[in-house]
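Colleague: Please work out how this folds:
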Amino acid sequence: MPVGIQGCADMFVEDDGLCRPSDDKCPPGTIPKFSEGCVPVGVADCAAEFVEADGHCYPLPDKCPAGAFPVPTVGCVPIDDCGNGPWGNIVVAPDTVWVDPSFSGSNPNGTAENPVTTIAAALALVAPGGRIALASGNYAEALRLDSPVEIVGRCPSLVHVSGVAMTPQGALATVFVDGAQDVALRSIGIGGFGIGVLADASTVELDGVHVSDAAMFGVAAIGAARVRANRTLVERTNPDVSGNFGRGMEIELGSELVLTQSALIENTDVGLLTAHAGSDVTVTESVIARTRPVAGSGGRGIDVQEGATVALTKSALIENRDFAVAGSLVDTRVTLTECVVARTLPRDSDQGGGVGAGVMGGATLSVEASALLENRMLALWAINPGTQVSVSGSLLARTLPRASDLIAGRAVEVHEGAALVLHGSTLVDNREVALRVGDAGSSATVTESFFGRTLPQESDGTYGMGVGCSPQAHLELVSSMVGDSTTAGVFFSLGCTGQVRDSLLERVAEGRFHGYVCPFGPPPCPGVEQVQETYEGIADGLVVGFGSTVDVARTLIAQAPRAAILYHESNGSLRGVHATGGLVGLMLQGEPRPDWDDSNVFAGGDQAIVSDGNLPIPGAPPLPNEN
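Modeller: Modelled structure (predicted):
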């Protein structure tokens, strides 16, 4: 009977005939796809100046010179193309009103020879659907646009619109597009002590626009507005007079945003927030980076709420705070395709958080061909009934512990009724437990995925397990490999159910774990567990304990110094399993026990099978207490 992973690419099949996929066999920037070979993840066509030694794309702002911003697939994009003369590269076209604030001649009539000196004067002259051309200057004007118009400047560094006026919404704004369709802003700089661009029930195009040092929101869309932004930079948006907001972009109340080859950098509270059913955001080849906290909290890259939808492709979220991506509530949907989510920083207030992507309250997250790298505490987090996560062909690696107490460092945490489907993905160099599914109603289905080199928790050196289920959750591990774990390769505990099939579990290092008690009742009690005892020298391949039910079939388990398989007061079945442990192949403790037959092969250094063992076994490490 064949055991282990079947149908592997030749490059992963070793001399003993076993398929051992590993990231070590793939070049930087790729992961093993079991049936094909090595495939790229993240922004595969990243510009060379952003690719680091690990082969992944990190389009950080400080990799670009002054006057340029990062676009992952292009490189450093200049903000300006100013040209020569009063209007630079602005092409002469019909229905254009020309503006030059330095003009001092007579008869300013809006022609290029006799331009008007203010945008307000140009708006009074331009025909609906016409164009206004701006020469260099600081235009201390607030614009209210209520009919179709195109406003084009010489270049953002030389054309700056900075006035503010109160809008009917009760907010100050520099550019207020009020119910107008087909409004375009091109090659201008915007920023004053108000919202940079506010679109209400309008259609607006931003092309080569630089919104800097605005207040409250860099760009906001409400009332089913539609905004298209291309090669646009929004940076350093500040809180309002009450100390709130400072967001780069806010899209709500059924509005839409298409963001292409743009960057949102060093804004405040949230880089991009979208909320409400019908609000839809598409982000392509763009960067959201270094969002700043407000009053010690926030700093998220993207926040998606209340039924909104966001889809990102070939984009990067780097060095944001708290959560790089957060989605909450039913019908909220987030999609990441060929993206990089990296180096999320903790909250400024308490040094908690630093999560790559998190969804809750019934939201849906889809991650495909993406890389989640060097985030903190959790690379990916899903919680609450109805919350669904799908991860395919992606890399979750090098998750760091929480900065406040050096605990966790998990790649994926699924609990309180959330569901995960993980396929064809690689989880390596994470800490404590690479994947943990917990609580009744929670589930994880894992297929054709590789788990490698899970490290012990940095705070106390405990655990370091590959895949785990506890309590009362459901886990299926199929056609996957778990290698180089510590303490245990795979564990099921406290009433979990599931299966391990057609998989390979090998190389478990000796580790340690704590036994916990709860001050007010039996475990679990997340956040308030107390250590009762610590156990050393633990190294098992597959652990099934404390009332769990797990079926194991056609799986190879090897190089586990203690027990290859350990069932403790748990049942299930064993069929076609080959298990070799340093001490024992199959350890049975207490009642009930699994059903097994002679289709299995068990081997151990001391005994093949021990039917009445009494070894201490690890349960699940407690959840990080995250308020």
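
Colleague: Mind checking the pLDDT average for stretch 274-291?
Modeller: Per-region confidence: stretch 274-291 scores 98 on mean pLDDT.

Colleague: So which bits of that stretch are buried?
Modeller: Buried residues in stretch 274-291, counted by 16 or more other Cβ atoms under 10 Å: 274-276, 279-291. Just so you know, the C-beta spots here come from the backbone N, C-alpha and C atoms, and that holds for glycine as well.

Colleague: now, among the residues you listed, which is nearest to residue 255?
Modeller: Nearest to residue 255 out of these is residue 279 (Cβ to Cβ; 5.5 Å).

Colleague: Which residue lies nearest the spatial centre of the protein?
Modeller: residue 357 (3.6 Å; Cα atoms, centre = their mean).

Colleague: The strand or helix carrying that residue: which residues count as buried?
Modeller: For residue 357, the enclosing helix or strand under DSSP states H and E is strand 355-360. By neighbour count with 16+ other Cβ under 10 Å, strand 355-360 contains the buried residues 355-360.

Colleague: Over to stretch 177-186?
Modeller: The neighbour-count check on stretch 177-186 (16+ other Cβ under 10 Å) flags 177-178, 180, 183-186 as buried.

Colleague: so of those residues, which ones are in helices?
Modeller: Among those, the subset assigned to helices under DSSP state H is empty.

Colleague: Which members of the residues you listed are the farthest-apart pair?
Modeller: Using Cβ to Cβ, the buried residues of stretch 177-186 span at most 19.6 Å, a distance reached by 178 and 186.

Colleague: and the longest strand for the chain?
Modeller: The residue-count maximum for a strand in the chain (DSSP state E) belongs to strand 530-545.

Colleague: Who does the nearest residue to residue 112 once chain neighbours are set aside form a beta bridge with?
Modeller: Distances taken as Cβ to Cβ, 6 or more residues apart in numbering put residue 98 closest to residue 112, at 4.7 Å, once the chain neighbours are dropped. Residue 98 forms beta bridges with residue 133, as assigned by DSSP bridges.

Colleague: could you list every residue that touches residue 98?
Modeller: Applying Cβ atoms under 8 Å, 6 or more residues apart in numbering to residue 98 gives the contacts 87, 110-112, 115-116, 122, 132-133, 135.

Colleague: Now do the helix or strand bottoming out on mean pLDDT in the chain against strand 530-545, angle only.
Modeller: For the chain, the helix or strand with the lowest mean confidence is strand 511-517, at a mean of 90 (criterion: mean pLDDT, DSSP states H and E). Interaxial angle, strand 511-517 versus strand 530-545 (axes from the mean of the first three to the mean of the last three Cα atoms, to 10 degrees): 110 degrees.

Colleague: Could you list the low-pLDDT ranges of the stretch 301-450 of the chain?
Modeller: Across the stretch 301-450 of the chain, nothing is flagged by pLDDT under 70.

Colleague: quick one: the nearest residue to residue 18 once chain neighbours are set aside and residue 204, what's the gap?
Modeller: The shortest distance from residue 18 to any non-neighbouring residue, by Cβ to Cβ, 6+ apart, is to residue 4 (5.3 Å). Applying Cβ to Cβ, to the nearest Å, the value for residue 4 to residue 204 is 57 Å.
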